[in-house]
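Student: fold the stuff below for me.
(one chain, ligands or ions: 1)
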Amino acid sequence: MMQVTHAVVGLVLGEILLLSTPLVVLGAVLPDIDFLIGLTHRGLTHSLLFLVLASLLVYKLRDKRAAFSLFIGLTSHLFLDAVTTMGIQALWSLNTFFSFNLTSTNYVPVNIFIIALLAVVYYNKESIIDYLTRVRRGVALKGSMAFTIGWSLLLIASPVIICRGSDSSINSLINNKVLNGMGVRLNGTICSSINPYYSKAGNEYQVFYICDNNESIKIFKGSWVLDNELRQGDVIYLCGTYTTDYGEPEVSYIDYVSLIAD
Ligand SMILES: [Zn+2]
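Tutor: As a prediction, this is how the structure comes out:
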């Protein structure tokens, strides 16, 4: 999600849960320091390991409330990024990006929707705090812990779910017969050279086209997705996300590629 969305989420969560708002906001924006300091974007700082270790560190240095404030901020960031097609390396150092695959990061309507929803929550702050106090804050805190465990487990199962998406033909993709953002399975022959591409965030991709019969579609594969020994002429099977967000139709956020034995 956009950084401003993360910050607003942190602000509202800090206020309604009566936590240390500065620490919740810090947690909500912290993971994105990764590409500023030269780490893989959405790698280590977007992992469950980082979530736990950073919270424990603050617990050691400060207290339970401070640690919980950071934890809430971090988990909100990780969850919102996990919702997007790029996903997060939740199980870093494993190279897999896990994703719920529901929206792309910079899709403005979704960001505006989240901020608008939070504005409503913030406007009703007093009654929400009153409610949370009545059901005892402990319940709210345990609830957010349960929420974190729940979404993490669901997320880790999700690449499998995406790969169970329907089989698509290149024809159906280039003619926009598939919804933008859908998980697809595809077969084809690599019919172009394989070119490296480096995103602004510093992640490396391999860009090429696959063909069947007379049609072709662009493939945007992260170099962390095995295998990296693909050659022009290889017949492959892949799972990824169909997107029209970048001009021409393409399949990005590849989470699985396999050579079809001939
Ligand atoms: Zn992020």
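
Student: so which elements touch the lowest-mean-pLDDT helix or strand in the chain?
Tutor: Ranked by mean pLDDT, DSSP states H and E, the helix or strand of the chain with the weakest confidence is helix 137-163, at a mean of 78. Helix 137-163 makes packing contacts with helix 64-83, strand 183-190, strand 235-243, strand 250-259 when contacts are defined by 3 or more Cβ pairs under 8 Å, 6 or more residues apart in numbering; DSSP states H and E. Yep, even glycine has a C-beta here, placed from its N, CA and C like the rest.

Student: just the element for the residue in the stretch 151-262 of the chain that the ion sits nearest to, please.
Tutor: For the stretch 151-262 of the chain and the ion, the shortest gap (Cβ to the ion) falls at residue 201, measuring 9.4 Å. Residue 201 belongs to no helix or strand when elements are defined using DSSP states H and E.

Student: convert the helix or strand encompassing residue 130 to CSV, retaining C-alpha atoms only.
Tutor: Applying DSSP H and E as the criterion places residue 130 in helix 125-134. This file holds the C-alpha atoms of helix 125-134, laid out as CSV (Å, rounded to 0.1, in the frame of the first residue of the first chain):
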residue,chain,number,x,y,z
LYS,A,125,-13.3,7.3,18.1
GLU,A,126,-15.0,8.0,21.5
SER,A,127,-17.7,5.4,21.1
ILE,A,128,-15.3,2.8,19.8
ILE,A,129,-12.9,3.4,22.7
ASP,A,130,-15.8,3.2,25.0
TYR,A,131,-16.9,-0.1,23.5
LEU,A,132,-13.4,-1.5,23.6
THR,A,133,-13.0,-0.4,27.2
ARG,A,134,-16.3,-2.1,28.1
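
Student: would you enumerate the residues in contact with the residue nearest the centre of the chain?
Tutor: In the chain, the centroid-proximal residue (Cα atoms, centre = their mean) is residue 87; its distance is 2.3 Å. Going by Cβ atoms under 8 Å, 6 or more residues apart in numbering, residue 87 touches 42, 81, 97, 98, 99, 100, 101, 253.

Student: can you check residue 228 too?
Tutor: residue 206.

Student: before we move on, what about residue 73?
Tutor: Residue 73 touches 10, 13, 14, 23, 24, 25, 26, 27, 28, 29, 30, counting by Cβ under 8 Å, 6+ apart.

Student: related to what we said a few turns ago, list the buried residues in the helix holding residue 130.
Tutor: Neighbour counts over helix 125-134 (16 or more other Cβ atoms under 10 Å) mark 128, 129, 132 as buried.

Student: need the residues that contact that helix.
Tutor: 15, 16, 17, 18, 121, 139, 140.

Student: likewise stretch 238-247?
Tutor: 85, 101, 104, 107, 159, 162-163, 165, 168, 173, 176, 178-186, 210, 219-221, 249-258.

Student: for stretch 53-71, same thing?
Tutor: 14, 19-21, 23-24, 26-27, 30, 51, 74, 141, 148.

Student: swap the cut-off to 10 Å and go again
Tutor: Under the criterion Cβ atoms under 10 Å, 6 or more residues apart in numbering, residues 10, 13-14, 17-28, 30-31, 45, 47, 51-52, 72-75, 141, 144-145, 148 lie in contact with stretch 53-71.

Student: which of these fall in helices?
Tutor: Per DSSP state H, helices hold the following members of those: 10, 13-14, 21-28, 51-52, 72-75, 141, 144-145, 148.

Student: can you tell me which of those are up against the ion?
Tutor: Among the ones in helices among the contacts of stretch 53-71, no residue lies close to the ion (Cβ under 5 Å from the ion).

Student: drop anything exposed from these.
Tutor: Using 16+ other Cβ under 10 Å as the threshold, 10, 13-14, 21, 23-28, 51, 72-75, 141, 144, 148 are the buried ones among those.
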